[in-house]
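Chemist: A structural model of the following input is requested.
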Amino acid sequence: MVVFWTAAAGGASWQEAAEEFRLGPVEPHVDLRNMLAEHLVGQSCELLDETAARRAGALKDGAWQSWRDSVRKAVRDGLGDLPFAAGGGPLNVRAVSRHKRPGYVLENVLFESLPGLDVNASVYLPLESEHAPPWPAIVIAVGHSAKTRENYQVPAQVFARLGYVAVTFDPPGMAGEKQDGNDHFVDGVRCYLTGHCSNRYFVIDALRCVDYLASRPDVDLERGVGMTGVSGGGMTTMYATLLDERITASGPACCAVPNALHPVLDQYAPCPETLAIGRFGAYDDVDLLAAAMPTPLLLMAGAQDEVFSASMSRRIATDTEQSFQAAGFDDRFAFFLDDGGHAYSVDMALEFARWMNRWVREEPDRTVPAMARDEFELLPDEMLACHPGQDRNIFSINRDLALSLRDRRSGLPLQQAVAIVVGIDSPLDVPAVRTRPPSLIWFHTLQELAFEPEPGIELPATYVRPARADWRGGALLYFDERGRWTDLRTQGPLSRVTRFIQRETDGPAVLSVDLRGWGDTRPADVRYDVAGWGHRERWNAYVSAALGDPVLAMRIRDGLSALAYLRDREEIDPSRVVVGGRGMGGVVALHVAAADATVGGVFCAGGPASFESLAVSPTYRWSPEAFLPDVLEHYDLPELVAGLAVPTLVVNPRGADGESLSSEEATALFKAAAERGDAFRLHAGPSDEAFVEFAIEAASR
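Modeler: As a prediction, the model looks like this:
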């Protein structure tokens, strides 16, 4: 039988007594599970508002050309090197097959967009008996699909029957022939490490299709070429139009919406190629459309589109139309809302043919006959097959770029380079903190805290220190992607660092912090996460990259904020604070030590051995959040470790697939760090005791 104290019995009530046993973390003022998403949404929308205001101001002031040029420059800079037209290399055209079909002729050819990177083009030619060459041409950029699908075969046949050469080609990955090394999720995110956008590989193929058409004597490019496409193909069309003045009529379909609505507010995990580093501060989708001026632009959408809704499409069409009007190009923009869904319909093809007749043929009254879907065939996949080479792809080209960056780092001092990559403009202030009263556990006290490094962000933390009132000493600041209690509970390694239940312990203290998105702040799943490609960490990584403030950089700044708080505690000797972490928490710790440079020591346990390994290994198991944008332009982790000025320990460095490196592999990788002598220690393979001993020693100096 359980008996509680009661006021009637003359003692304190059990409720009052329970105040001494208050359980759990500090009660948050924000929704911790949605905190990171809300922060990314808020910051992204504010930045997109600034981008919109910049566009509106330029148009109002009549400065549309300088604004347009700035958008085009941002697009070029974000994509990386794009050699085409006069600057392009040899096409190395190879004929594959030719088929005469009812109403058109099909030719399949291979040519190179980048050296060794094949474009598998299917070329739909008009019948010479009905349309005399040379013919005007249209490039049909394929979306996240394959050129064999109805969205591409049928429009190409429409254009050929109307006297246009039409070229389709598979994008990297997707459902087409270019599979190996071209997974736009797995391989696309790798490009962040080398400082460019995987959209480069979608756009360069389209631009080189124009080069290919220019090489054909039966094609007339005197008045330019048209480009159109649906979904991802529409996105390719939007980008290519800004880069190549030979594109004189543009027709993106089912692809453009205000980015604040999608993918930001709806939290849809998009494709990394659509979110270049820092794009929200440079351009929204409406900027991509409006910056086409003065190129004539026909924007198309489906009234029943499941993702790019009709209301979103109408909104961006209105904004784009107003931009064209403000610049004096009223007649060069049009919007066509088809009755269908997320597809390129026959009616869209006919509408774009009218647009081509007007702006490329310069025959606006040219007849476009009515056509219906059942008039067109759907060829078997093998009839469009080109069998492109698979050796060159997003992975292999970016891998080679990552390797070449070894010899082409920025050369900046380590602290300055880290500040640039992480976005540190000035020393971080001591954050606001809320606490629960400390509780005695044998010879230590344990206290739950909540940091507020910036408005709307709260970081749960747990602090353990010797209970003696006169105690003063060193401390370990610890980060763990699994959560702050994982290495603390059940006599875990953190409790061993404190020398828990030793009566005469001299510490050190331990502060274990849940950085944003880890532990108690792990983001909740939302509706689009049910999709096969949906994932919170993908959305976090891609959107934060487009924001220009990667989530890993945010966590590093959180770590610096926690360091400022710990040093500010009166019982802590600020010169004896050690920073460490497990997994990606160890990567955060190394960056905190590099940015601060005065900690008593730093260790990384079980973290990735290098960023480069994520770029050069065929497979990997690390989160998309680990792909820190631009980092390899400045340093890799072994170089960061070699450049540290404090005692450093690396335990169990792991490869791209999460495997522990052998002693020989680890020693070779950290050879430069070993030149620091006793200031650097390496322990290949798992060992909690190695970092426990290191933390105690470094915090006791």
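Chemist: Could you list every helix and strand that the host helix or strand of residue 334 packs against?
Modeler: Following DSSP states H and E, one finds residue 334 within strand 333-338. Contacts defined by 3 or more CB pairs under 8 Å, 6 or more residues apart in numbering; DSSP states H and E place strand 333-338 against strand 297-302, helix 310-326, helix 346-359. Placement of C-beta: from N, CA and C, glycine included.
Chemist: Need the winner for burial among these.
Modeler: Each of those was scored by mean neighbour count; the highest is strand 297-302, a mean of 26, by mean count of other CB atoms under 10 Å.
Chemist: Quick check: which helices or strands does it pack against?
Modeler: In this structure, strand 297-302 packs against strand 247-253, helix 310-326, strand 333-338, helix 346-359, with contacts taken as 3+ CB pairs under 8 Å, 6+ apart.
Chemist: now residue 178: how far from residue 156?
Modeler: Distance from residue 178 to residue 156, counting by CB to CB, to the nearest Å: 18 Å.
Chemist: Where does the spatially most central residue of the chain sit, in terms of helix or strand?
Modeler: In the chain, the centroid-proximal residue (CA atoms, centre = their mean) is residue 542; its distance is 2.7 Å. Taking DSSP H and E as the definition, residue 542 sits inside helix 536-547.
Chemist: in the helix or strand just after that helix, what counts as buried?
Modeler: Where DSSP H and E defines the elements, the next helix or strand beyond helix 536-547 is helix 551-568. Across helix 551-568, burial judged by 16 or more other CB atoms under 10 Å covers 551-567.
Chemist: what do you get for stretch 244-255?
Modeler: For stretch 244-255, the neighbour count (16+ other CB under 10 Å) marks 244, 246, 247, 248, 249, 250, 251, 252, 253, 254, 255 as buried.
Chemist: likewise stretch 693-701?
Modeler: Quick answer for stretch 693-701 (16+ other CB under 10 Å): 694, 695, 696, 697, 698, 699.
Chemist: from the buried residues of stretch 244-255, which two are the most distant?
Modeler: 246 and 254 (24.3 Å; CB to CB).
Chemist: pLDDT averaged over the helix or strand where residue 578 lies, what's the number?
Modeler: Per DSSP H and E, residue 578 falls inside strand 572-582. Confidence over strand 572-582 (mean pLDDT, whole number) is 97.
Chemist: Buried residues of that strand, list them for me.
Modeler: The neighbour-count check on strand 572-582 (16+ other CB under 10 Å) flags 572, 573, 574, 576, 577, 578, 579, 580, 581, 582 as buried.
Chemist: ok, now stretch 68-88?
Modeler: Going by neighbour count (16+ other CB under 10 Å), the buried part of stretch 68-88 is 68, 70, 71, 72, 74, 75, 78, 79, 80, 82, 84, 88.
Chemist: Also stretch 683-694?
Modeler: 683, 684, 688, 690, 691, 692, 694.
Chemist: would you list those residues in a markdown table and tack on secondary structure, distance to residue 611 and pLDDT?
Modeler: What follows is these, written out as a markdown table (DSSP: H, G, I helix; E, B strand; the rest coil; distance: CB to CB, whole Å; pLDDT from 0 to 100):
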| residue | secondary structure | distance to residue 611 | pLDDT |
| --- | --- | --- | --- |
| 683 | strand | 21 | 97 |
| 684 | coil | 19 | 95 |
| 688 | helix | 25 | 94 |
| 690 | helix | 23 | 95 |
| 691 | helix | 22 | 94 |
| 692 | helix | 27 | 95 |
| 694 | helix | 24 | 95 |
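Chemist: quick one on the thing from earlier: export the buried residues of stretch 244-255 to a markdown table and append columns for pLDDT and distance to residue 606.
Modeler: Shown next, in a markdown table, are those (pLDDT from 0 to 100; distance: CB to CB, whole Å):
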| residue | pLDDT | distance to residue 606 |
| --- | --- | --- |
| 244 | 98 | 47 |
| 246 | 98 | 52 |
| 247 | 98 | 50 |
| 248 | 98 | 56 |
| 249 | 98 | 55 |
| 250 | 98 | 50 |
| 251 | 98 | 51 |
| 252 | 98 | 46 |
| 253 | 98 | 47 |
| 254 | 96 | 44 |
| 255 | 95 | 42 |
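Chemist: would you list those in CSV and tack on distance to residue 189?
Modeler: Shown next, in CSV, are the buried residues of stretch 244-255 (distance: CB to CB, whole Å):
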residue, distance to residue 189
244, 27
246, 31
247, 29
248, 34
249, 33
250, 28
251, 30
252, 24
253, 26
254, 24
255, 21
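Chemist: which one of those sits closest to residue 291?
Modeler: residue 250 (11.1 Å).
Chemist: Between the helices and strands packed on strand 333-338, which one is closest to residue 500.
Modeler: Of all the helices and strands packed on strand 333-338, it is helix 310-326 that lies closest to residue 500, at 56.0 Å by CB to CB.
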